[in-house]
Each structure stands twice: as C-alpha cells, then as structure tokens.
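> No letters, just coordinates:
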C-alpha cells in the first residue's frame, strides 16, 4: 500500500466492505455498516482534506464502538481499517 490519499481511502473502504459478507455480531454490524458507508463516499469522491479529515474522524469514532465482531476475519478487517484511519490522518496532517 502506498500513502496516496485516494489509495488509502480505497483501501479503507475495501477493509470495511469485506466485513459485510461475514457473520458478525449485530451491534458491531450496525457500526461497521455506517463506517463502510462513509468510507465508500470518501473513496468515490474528490473531497478536500478538511472534509476528509472530518469524515475520517467520524469513521474513527464509529470504529471505537466496535468492541468485537465475534468473527476473527472481521476483527482482522477492523484492525486493518483502524490502522488505515491512522495513516489517513497522518497523511492529511502532512506527517
């Protein structure tokens, strides 16, 4: 993976989208579904850094509500999504 913002946003969406086909806890599914929708919107559009930062913050807060999914595969995708959120935040901040 590179640190190109568009690629990072696409990767984030792919990780969250992958959880949709897995059997996971209903509460986690609701949080992940909303996070995936926001990530899909970001991956599809040309939002400026301020909008991306605000929406990535929203995705981060949604993922904070996911304590566990009851699926090892989904947990791995959530962990990867959390790592991508951090990379996106660093990319936006210019770090």
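In hand now; what should we look at? As the structure is a prediction and not an experimental result, all values here were calculated from the model.
> Quick check: residue 23 vs residue 74, distance?
8 Å (Cβ to Cβ, to the nearest Å). (Glycine included, C-beta is placed from N, CA and C.)
> Look at those two and report which has more neighbours.
residue 74 (23 against 10; other Cβ atoms under 10 Å).
> how distant is the host helix or strand of that one from the center of its chain?
Element membership of residue 74, judged by DSSP states H and E, is helix 72-93. Relative to its parent chain, helix 72-93 has a centroid offset of 6 Å by Cα atoms, centre = their mean, to the nearest Å.
> Just list what it packs against, helices and strands only.
helix 5-18, helix 26-44, helix 49-64 (3 or more Cβ pairs under 8 Å, 6 or more residues apart in numbering; DSSP states H and E).
> Mean pLDDT for these - can I get that in CSV?
What follows is these, written out as CSV (pLDDT from 0 to 100):
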stretch, mean pLDDT
helix 5-18, 96
helix 26-44, 96
helix 49-64, 96
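> Can I get those in TSV including mean neighbour count?
Output for these, formatted as TSV (neighbours: other Cβ atoms under 10 Å):
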stretch	mean neighbour count
helix 5-18	20
helix 26-44	18
helix 49-64	16
